[in-house]
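In: predicted model, plus sequence, below.
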Amino acid sequence: MNLSQHPELLDKLASAYALGTLRGGARRRFETLAREQAPVRAAALIWQSRVASMNELQNPSTPPPAVWTRIDNLVRADGEQAAMTAARVQAAKPAPGGWLRSLALWRGTTVAGALATVLAVVTAVGLRDNLGAQVDELQAQLSAQPQIEYVAVLNDDQASASMLVTFDPKNGRLTLQRVGGYQEAADKSLQLWALPPAGGPRSLGVLSPDKLLQLAADQRDVREVPALAISLEPKGGVPSETGPTGPVLFKGALIQKML
């Protein structure tokens, strides 16, 4: 099945794969398609990046003083109830062995109940106080997601994905994310090239050593460009008109997505 012809289905499957809800045979079939089809690999990598970035939303927070006051009151109430119950049990004068066993069991139950109550209070108050802020932050992040129109997965000579490239026309940005383990030497630079159907390669910029970076670009730079490539060049790159002077390490098709 060519999932690139069904963009909505591909997006749903890629999101489920990244979230871990795509399981069993369906997950294995998706992984097989990802190995065979560059658009499927690209969609999976995009969603994995989104999910990873959302981990940053969960910031630690300190409960307000009212929460600790409420917890203290609950614990004190449980302690007073325990003392009253213990007094009644002692007044009944049960057999020593049975009394000790009953008291130990009762205390364990009381402590467990108190801990459960405390946990429920902290969870409920924390959710109530932080949910609004978390939702607002999540909505802001989602609304700021780039409008990805072009995507490419650049592979090495072993057909292993090494670089994910996306183009956002709204902000005029090429975003490059290293997904392989390659790292150039300190005296070398990676340079991104557009490979148009006619004419020589055209430089789109020199890459920094960062795992995630952005390059300014215009839609004219990528329109009707069927493929991209990355070459290894001297530090700082080479002029666009000379073309690549070093080996081409990564290359792949540039695919226009349906928005």
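Out: Thanks, I have it.
In: what ranges do the strands span in the stretch 151-259 of the chain?
Out: For the stretch 151-259 of the chain, applying DSSP state E, counting those that start in this stretch gives strands covering 161-168, 173-178, 188-195, 202-207, 212-216, 227-234, 248-256.
In: just want the angle from the first one to strand 248-256.
Out: An angle of 40 degrees separates the directions of strand 161-168 and strand 248-256 when computed by axes from the mean of the first three to the mean of the last three C-alpha atoms, to 10 degrees.
In: and strand 161-168, what other elements does it pack with?
Out: helix 38-54, strand 150-155, strand 173-178, strand 248-256 (3 or more C-beta pairs under 8 Å, 6 or more residues apart in numbering; DSSP states H and E). Every residue, glycine included, has its C-beta placed from N, CA and C.
In: any idea how far the closest residue to Leu212 other than its chain neighbours lies from Val151?
Out: Excluding the flanking residues, the one nearest Leu212 by C-beta to C-beta, 6 or more residues apart in numbering is Gln177, at 5.1 Å. To Val151, Gln177 is 11 Å away according to C-beta to C-beta, to the nearest Å.
In: okay, and the common contacts of those two?
Out: Common neighbours of Gln177 and Val151, counting by C-beta atoms under 8 Å, 6 or more residues apart in numbering, are Leu164.
In: so those two - more neighbours on which side?
Out: More neighbours surround Val151 than the other of Gln177 and Val151, with 23 against 16 (other C-beta atoms under 10 Å).
In: for the more buried one, give me the pLDDT.
Out: Looking at Val151, its pLDDT is 85.
In: show me what contacts it?
Out: 39, 42-43, 46, 164-167, 254-255, 257.
In: apply 7 Å and report the result again.
Out: By C-beta atoms under 7 Å, 6 or more residues apart in numbering, the contact list for Val151 reads 42, 165-166, 255, 257.
In: now it, nearest residue through space, not along the chain?
Out: Distances taken as C-beta to C-beta, 6+ apart place Ala42 nearest to Val151, at 4.4 Å, with adjacent residues excluded.
In: that neighbour: neighbouring residues, count only.
Out: With other C-beta under 10 Å as criterion, Ala42 counts 27.
In: contact partners of stretch 231-240?
Out: 184, 187-191, 193, 202-203, 206, 244-249.
In: so for stretch 35-43, what gets flagged as buried?
Out: Within stretch 35-43, the residues that count as buried by 16 or more other C-beta atoms under 10 Å are 37-43.
In: for the protein, which residues score under the pLDDT cut-off?
Out: 1, 4, 50-63, 67, 78-79, 81-83, 85-148, 257-259 (pLDDT under 70).
In: pull the most distant pair out of the contacts of stretch 231-240.
Out: Within these, Asp187 and Arg202 form the most distant pair, 24.7 Å apart (C-beta to C-beta).
In: so for the two, which sits in the more crowded spot?
Out: Set Asp187 next to Arg202 and count neighbours by other C-beta under 10 Å: Arg202 wins out with 15 against 7.
In: run through the bridge partners of the more buried one.
Out: Taking DSSP bridges as the rule, Arg202 bridges to Ala194.
In: ok, it touching Ala194?
Out: Yes: using C-beta atoms under 7 Å, Arg202 is in contact with Ala194, at 4.6 Å.
In: all good on my end, thank you.
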